[in-house]
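In: make a model of this:
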Amino acid sequence: MFSTQRDGVLKEKQIRKESASVELSARKKQILKAIIGDYIRTAEPVGSKALTEGHELPFSSATIRNEMSDLEELGYLDSPHTSAGRIPSYKAYRLYVDRMIHPMPLSEEETAFIKGCFDHRINQVEELSARIAKALSSMTHYTTAVMTRAPREEQVFSHLQLVPVSDRRLLLVIVTRSGAVRQTVIDTEKPIAPDALYTVSQIISRELEGCAMNQLPARLTRLAGGQEGEMRELLGLLAAQPPEKDGGVGSLVVGGRSNLLSFPEYADVDRAKELLSVLETREKVVSLLSHQGEMEISVRIGPETGMEETKDCSIVTASYRLNDGTVNTIGLIGPTRMQYGKVLSVLGEVGRSITELLDGQNENHEKQEEQEK
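Out: Have a look, this model is predicted:
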């Protein structure tokens with residue numbers, strides 16, 4: 001009985017919190033914004049005295065203390081055991097990013113530094129990625145990851161061919177819609193007749209043309225369900241082949257891994273090792289960058305990053321499309337008390353610089369074509 005009543009009280013309390021979060025007063029927002037700003041700058045818990053002395057807030061110390069207590073009750077502030085001050089929660093950062101900040105203007109020197117990283121001599125995507133990673137990690141002191149992903153056409157199945165290599169070994173050749181070729185050697189338990197290989201190749205190419213590459217194993221499994229005997233076994237064998245882990249990812253450049261060690265959040269050796277392990281693992285970095293839509297900026301905070309090791313980090317990602325259809329995604333990884341306004345401005349300037357670079361390359365290409373005519 002007591003447990004049921006307690007659960008009911010907790011549920012009602014949670015409902016009140018959620019309702020109150022929608023109706024957060026202007027005064028609470030002003031105080032919360034000041035706390036977040038101080039904590040981003042100092043990495044130290046913020047007390048009411050610091051707010052009273054360090055900000056021109058039109059509220060008394062008692063009012064500030066009461067509002068801070070309310071903000072903690074509402075889930076926007078946490079209280080470290082070692083301090084009377086408060087620190088922002090993930091919920092506070094989310095509100096801060098969504099409603100309280102704007103991109104921070106960059107200095108002329110910062111803008112010039114970014115533009116200087118791009119010129120019309122860049123011809124390779126890998127070179128562009130390396131320049132971006134180096135420039136942004138140096139400028140922001142965060143870790144920078146730049147990922148290139150193949151054009152969508154390279155992620156769409158066109159046809160395949162099965163070629164016998166020996167009695168019990170096959171070469172699987174998959175061709176995507178863009179003409180990209182992927183090859184895999186498959187071992188079989190028993191010899192398979194060349195006629196059966198040809199027939200299966202024709203069936204798959206006819207039935208699955210236009211299928212997304214990441215859906216190919218599931219579609220092959222369903223196709224196998226409608227066949228019998230040797231055909232069914234062969235289709236099942238193909239369906240069991242592991243998909244590409246990177247999902248069309250080409251190059252991946254990570255810069256400034258050790259930058260994060262300069263932040264007090266990672267003074268703990270074990271915590272730092274966990275994070276560095278993520279940044280050294282290609283599949284995990286790709287996963288961090290893959291929650292990003294093209295031509296948008298995404299901010300994921302703490303648990304939103306989707307990994308236990310990065311629950312105390314934030315990642316800001318932006319994507320853009322190159323002339324050949326390749327999609328590049330830039331990610332800046334840092335502590336949750338990241339300078340979000342500065343990061344958004346930096347990524348915006350990088351996007352403009354890349355656009356100017358691509359426009360310049362297009363103009364040069366058009367001029368060359370005119371001269372050749």
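In: what sits against the closest residue to residue 279 other than its chain neighbours?
Out: Once flanking residues are discounted, residue 279 sits nearest to residue 257: 4.8 Å by Cβ to Cβ, 6 or more residues apart in numbering. Yep, even glycine has a C-beta here, placed from its N, CA and C like the rest. Contact partners of residue 257, counting by Cβ atoms under 8 Å, 6 or more residues apart in numbering, are 143, 276, 279, 280.
In: and of those, the nearest to residue 203?
Out: Top of the list for closeness to residue 203, among these and by Cβ to Cβ, is residue 280 at 42.6 Å.
In: next, work out how far apart that closest one and residue 144 are.
Out: Distance from residue 280 to residue 144, counting by Cβ to Cβ, to the nearest Å: 15 Å.
In: would you map the helices across the chain?
Out: Assigned by DSSP state H, the chain shows helices spanning 2-22, 26-42, 48-54, 61-73, 90-95, 108-115, 125-140, 194-208, 216-224, 229-239, 269-279, 282-289, 340-372.
In: poorly predicted segments of this protein, please.
Out: Low-confidence segments of the chain, defined by pLDDT under 70: 1-22, 82-83, 119-125, 150-154, 178, 242-250, 291-295, 323-325, 359-373.
In: list the contacts of the most centrally placed residue in it.
Out: A centroid search over the chain (Cα atoms, centre = their mean) returns residue 289, at 2.5 Å, as the residue closest to the centre. Applying Cβ under 8 Å, 6+ apart, we find residue 289 in contact with 145, 147, 315, 317, 329, 331.
In: tell me, how many neighbours does the last one end up with?
Out: Using other Cβ atoms under 10 Å, the number of residues around residue 331 comes to 27.
In: my read: it touches residue 287, true?
Out: No - contact criterion Cβ atoms under 8 Å: residue 331 and residue 287 do not qualify, at 10.9 Å.
In: need phi/psi at the closest residue to residue 137 other than its chain neighbours.
Out: Sequence neighbours aside, residue 256 is the residue nearest to residue 137 in space, at 2.7 Å (criterion: Cβ to Cβ, 6+ apart). Backbone torsions of residue 256, given as degrees, to the nearest 10, read phi 70, psi 40.
In: ok, residue 256 touching residue 144?
Out: Yes - Residue 256 lies in contact with residue 144 (Cβ under 8 Å); the separation is 5.7 Å.
In: the more surrounded of those two?
Out: Shown here are residue 256 and residue 144; by other Cβ under 10 Å, residue 144 has more neighbours (26 against 23).
In: about what we covered before: let me know which of the helices of the chain is the nearest to residue 182.
Out: Across the helices of the chain, closest to residue 182 is helix 216-224 (Cβ to Cβ), at 10.6 Å.
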